[in-house]
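**Q** how would this look folded up:
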Amino acid sequence: MPITVVDWPVGVPDCIVPMSPTGGFKDNRYSFDPDANGVPIERPSNSWAPEVFSVEMAPMSISNYTSFMDWYKNDLKWGVLPFKWVHPITKEVSAWKIVKGDPPFTVKKLSIVKVGSGKRRISVSFTVMSYPASFEPEYTFEG
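**A** Model (predicted):
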């Protein structure tokens, strides 16, 4: 049964702060010591290694943030499902998941925001991990 790959939420900017991505491939090596003295033996633990990046989203308005929250709770099923997003470095569209954590994403007010003002003063940051899923390439990057 194919897994559903969810679209990025409508009404939420999908761009990240340009210098915020940090990360790379997750180390997928399995290492063990041999029975006799010698150097450790290493091999890949699987045929694929995900990429993991910590990112900070471009500032959001309150309505952007509430749309993001609704998307996370309802469409992603509290972060369980992968979503279509651009690679933080290469900008290639692929499947990603928000990495499980407590909290799964961090929210910070950058300044006082009047409800309904439309000002983008809410910072959201999280860690994403690439996900081995495919989908039709209808998604386009807005940033």
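
**Q** how about the strands of the protein, start to end?
**A** Along the chain, counting by DSSP state E, strands occupy 22-25, 29-32, 41-44, 51-56, 83-86, 93-98, 105-109, 122-130.

**Q** nearest the middle, which residue of the chain would you pick?
**A** A centroid search over the chain (Cα atoms, centre = their mean) returns residue 128, at 2.7 Å, as the residue closest to the centre.

**Q** just list the residues touching that one, thanks.
**A** Taking Cβ atoms under 8 Å, 6 or more residues apart in numbering as the criterion, residue 128 is in contact with 52, 53, 55, 85, 88, 96, 97, 98, 99. For the C-beta atoms, the positions are set from N, CA and C on the backbone; glycine is no exception.

**Q** can you get me a residue count around the nearest residue to it once chain neighbours are set aside?
**A** Nearest non-adjacent residue to residue 128, counting by Cβ to Cβ, 6 or more residues apart in numbering: residue 96, 4.6 Å away. Residue 96 has 25 neighbours, counted by other Cβ atoms under 10 Å.
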